[in-house]
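Asker: Turn this into a structure:
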Amino acid sequence: MRLEKCWFCSSTVYPGHGIQFVRNDAKIFRFCRSKCHKNFKMKRNPRKVKWTKAYRRLHGKDMTQDSTFEFERKRNRPERYDRNVAEKTLMAIKKIDKIRVAREARHHKMRMKGKPAIERQAALTELEKSINLVKAPASLLQESQITPKIKVKIAESQPVERMEE
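Answerer: I've put the predicted structure just below:
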């Protein structure tokens, strides 16, 4: 079973799924769904469309360089069947998947390191802006009655004489 990659979004295209487009120069483009095919026909750049792998890698949201990706590329080459090699490969696949999951978790943790502080600050500013929605009107009235009112005398200003022409 041959698994292809979508040209636009880099997701997996399983046999019997997706669309295949062959250009006049015999270049083959495979798409996982009509959404990718339509974006390709509209000449959109996958690096500028936010939901594609290319965008996520370019903007540091996904891991780009990792030795586990290289193993996947090697695995797609057809080779002569050998029982010992196949057994070792299957064991290595499990180990490498575990390593990749750990690295992805570490990458995600590093990306989200400052997020709680930012969310807390945003919540505090939102609370300050709309405190009247949180507190009941009766409690606001009681607070205003508790605070003593201060009377300030304002000096009367002298009347301004108007010039007549």
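
Asker: So which residues of the chain form strands?
Answerer: 4-5, 12-13, 19-22, 28-31 (DSSP state E).

Asker: Let me have those strands in a markdown table, extended by mean pLDDT, mean neighbour count and distance to L127.
Answerer: In this view, the C-beta of every residue, glycine as well, is placed from N, C-alpha and C. Compiled in a markdown table, the strands of the chain are given as follows (pLDDT from 0 to 100; neighbours: other CB atoms under 10 Å; distance: least, CB to CB, whole Å):
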| stretch | mean pLDDT | mean neighbour count | distance to L127 |
| --- | --- | --- | --- |
| strand 4-5 | 92 | 15 | 47 |
| strand 12-13 | 92 | 16 | 45 |
| strand 19-22 | 96 | 12 | 50 |
| strand 28-31 | 96 | 16 | 47 |
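
Asker: Excluding chain neighbours, what is closest to the residue nearest the centre of the chain?
Answerer: The chain has K61 as the residue nearest its centroid, 6.5 Å off, counting by CA atoms, centre = their mean. The shortest distance from K61 to any non-neighbouring residue, by CB to CB, 6 or more residues apart in numbering, is to R111 (7.2 Å).

Asker: and that neighbour, how many residues sit next to it?
Answerer: Other residues near R111 come to 12 when the count uses other CB atoms under 10 Å.

Asker: cool, and the one 3 residues further on?
Answerer: Applying the criterion other CB under 10 Å, we find 9 residues in the vicinity of G114.

Asker: if I look at it, how far off is F40?
Answerer: Going from G114 to F40 by CB to CB, to the nearest Å gives 36 Å.

Asker: What of K151?
Answerer: Distance of K151 to F40, given as CB to CB: 75 Å.
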